[in-house]
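# please find the sequence and the predicted model below.
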Amino acid sequence: MSQKPEDDSLKPIGAFPLRGGDDPASHSGADSGEESPKIETSAEIEEALREATEALEARKVAMPAPGPGVPGSTDKLTIEMLSQELQELKAIHEEKLAEFEEQKEQNLRVQAEWENFRRRSLKEKQDSLKFGHQNLVKDLLSAVDNLERALEHGAQNVGAEAKGILDGVELVHREILGAFAKHGVSEIEAEGKAFDPAVHEAMGQVPSAEVPANTILQVLQKGYVIHDRMLRPSRVIVSRAPTSAEAGSGGSE
């Protein structure tokens, strides 16, 4: 039996290698009546397709797969990273702001303490200049009292021989009082004044109808002040209103 010649047109195109110089019409069948288009490939096209495929695969590998807690795209991941960094910077800013406020408050306390210390030091210095010699003055007050007693006694029993001594004592008394005045020491006025418990010390009361009650009638011991501070109060006798019996008898205690 004779073999039927194979029709080349029934074979797939891929079965035949295509080359740039091949004529596709010789493989399509002579009686088809249609001319097939030429398919041309080159090394440049193949290389471009290969590079595009590799770039696509590399991009798929670099992008994380979507899932719970994982961003679905590079832009979303970048936004979340920037948001987290912004929150961290905000926390650092608030922490530094709190430290600044605390440091500011501490500086204000230190400044207030320093101002109080400066005022106390200045006051202590002024007090030292004004009252630093008050202990010496207190010790000299008893000597002044003795001089005044000597002058009073000498005035009652003055004589030709004692007059020179009396003048010398009076001179010493005046010099001491002058030194007192130079350093801010002055005598408290008492006799004939109203009784003031802040600077006077009452040693007794005498009924008297001639002066108002609580009037100082007699000074037993002089008082002194240094500037505005009292060194020693004046010891005095104070008047009081007489009773009806005392007013009728005219007696006095």
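Structure's in. What do you need?
# so where do the helices sit in the stretch 51-200 of the chain?
For the stretch 51-200 of the chain, helices defined by DSSP state H, counting those that start in this stretch occupy the ranges 74-131, 134-156, 162-182.
# from the middle of its chain, how far away would the first one be?
Using CA atoms, centre = their mean, to the nearest Å, the distance from the centre of helix 74-131 to the centre of the chain it belongs to is 8 Å.
# quick check: mean pLDDT across it?
Computed over helix 74-131, the mean pLDDT rounds to 88.
# other SSEs contacting it?
On a contact count with 3 or more CB pairs under 8 Å, 6 or more residues apart in numbering; DSSP states H and E, helix 74-131 meets no helix or strand. Heads up, the C-betas are built off the backbone N, CA and C, glycines and all.
# and that helix with helix 134-156, angle?
For helix 74-131 against helix 134-156, the angle by axes from the mean of the first three to the mean of the last three CA atoms, to 10 degrees is 20 degrees.
# how is this structure partitioned into domains?
With domains defined by automatic domain parsing, the chain comprises 73-131, 133-183, 186-253.
# these into JSON lines, with extra columns for mean neighbour count and distance to Thr53?
Shown next, in JSON lines, are those (neighbours: other CB atoms under 10 Å; distance: least, CB to CB, whole Å):
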{"stretch": "domain 73-131", "mean neighbour count": "10", "distance to Thr53": "20"}
{"stretch": "domain 133-183", "mean neighbour count": "13", "distance to Thr53": "107"}
{"stretch": "domain 186-253", "mean neighbour count": "15", "distance to Thr53": "105"}
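# the closest residue to His133 other than its chain neighbours and Ile226: what is the separation?
The shortest distance from His133 to any non-neighbouring residue, by CB to CB, 6 or more residues apart in numbering, is to His183 (5.9 Å). Distance check for His183 against Ile226: by CB to CB, to the nearest Å, it reads 7 Å.
# tell me, what's touching these two both at once?
133, 137 (CB atoms under 8 Å, 6 or more residues apart in numbering).
# follow-up on the earlier one: now the helices of the stretch 51-200 of the chain in TSV, with distance to Asp196?
Converted to TSV, the helices of the stretch 51-200 of the chain look like this (distance: least, CB to CB, whole Å):
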stretch	distance to Asp196
helix 74-131	21
helix 134-156	20
helix 162-182	21
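# poorly predicted segments of the stretch 101-250 of the chain, please.
158-162, 246-250 (pLDDT under 70).
# relative to Glu101, how far out is the residue minimising distance to the centre of the chain?
In the chain, the residue lying closest to the centroid (CA atoms, centre = their mean) is Leu108, at 1.7 Å. Going from Leu108 to Glu101 by CB to CB gives 11 Å.
# quick one, phi/psi of the closest residue to Ile188 other than its chain neighbours?
Distances taken as CB to CB, 6+ apart put Gly223 closest to Ile188, at 3.8 Å, once the chain neighbours are dropped. Note on Gly223: its backbone torsions stand at phi -110, psi 150 [degrees, to the nearest 10].
# how about Gly223, what does it touch?
Gly223 neighbours (CB under 8 Å, 6+ apart): 187-188, 190, 199-201, 230-235.
# so which residues of the stretch 151-253 of the chain form strands?
Applying DSSP state E, counting those that start in this stretch to the stretch 151-253 of the chain gives strands spanning 185-187, 200-207, 216-221, 224-226, 229-232, 234-240.
# and the angle from the longest one to strand 216-221?
In other words, strand 200-207. Strand 200-207 and strand 216-221 are oriented at 130 degrees to each other (the same axes, to 10 degrees).
# by contact count, what packs against strand 200-207?
With contacts defined as 3+ CB pairs under 8 Å, 6+ apart, strand 200-207 has these neighbours: strand 216-221, strand 234-240.
# show me what the last one is packed against.
With contacts defined as 3+ CB pairs under 8 Å, 6+ apart, the packing partners of strand 234-240 are strand 200-207, strand 216-221.
# out of the ones you listed, flag the one nearest Leu151.
Of all these, strand 216-221 sits nearest to Leu151, with 15.0 Å by CB to CB.
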